[in-house]
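1. quick one: sequence plus predicted model below, questions after.
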Amino acid sequence: MFRKMRKTSGWMAAAALAGFFFVLAQSSALRAQGPSTEEIYNRKCAMCHAKDGSGHTPNGKKYGVKDVRETVKKYSEAQMIKIVQQGKGANMDEYSDELSPAQIKAAVEYYRSLAKKR
């Protein structure tokens, strides 16, 4: 009976250890993918443009940031990508050194999508 328990315990320990390493590998793979588009927007853009795209933040008011619904009427996606890459005036930083072209495009698409939610 004890021999059978020892075999079962060994098998269960091995399975638990394998499961632990599987979960660890999965979480490492997710971290390697980088932040989500929403996380990028919230870290880099929301301080001025607001999480909902309204521009209603202290910085947004200070710099005259327009509501996303106005902005999408004025600028095409390509123009907005260029603004994010190069900055705009003295108040909007350029992000081409911090974000990849794909991340910039995704952040612009995310920002533009906020106009549909409002």
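-> Ah, there it is. Please read these numbers as outputs of a predicted model, since none were measured by experiment.

2. hang on, E77 packs against S113?
-> No. The pair E77 / S113 is not scored as a contact, 11.1 Å apart, by C-beta atoms under 8 Å. Bear in mind the C-beta positions are built from the backbone N, C-alpha and C, glycine included.

3. any idea whether G34 is helix, strand or coil?
-> With DSSP: H, G, I helix; E, B strand; the rest coil as the basis, G34 sits in coil.

4. quick check: closest non-adjacent residue to it.
-> Q103 (7.8 Å; C-beta to C-beta, 6 or more residues apart in numbering).

5. which residues touch that neighbour?
-> By C-beta atoms under 8 Å, 6 or more residues apart in numbering, the contact set of Q103 is 34, 37, 40.

6. of all these, which comes closest to D97?
-> The closest of the contacts of Q103 to D97 turns out to be I40 (C-beta to C-beta; 14.1 Å).

7. who touches that closest one in this structure?
-> I40 neighbours (C-beta under 8 Å, 6+ apart): 99, 103, 106-107, 110.

8. run the last query once more with 7 Å
-> Counting by C-beta atoms under 7 Å, 6 or more residues apart in numbering, I40 touches 99, 103, 107.

9. show me where pLDDT drops low in this protein?
-> The model of the chain has pLDDT under 70 over residues 1-32, 118.
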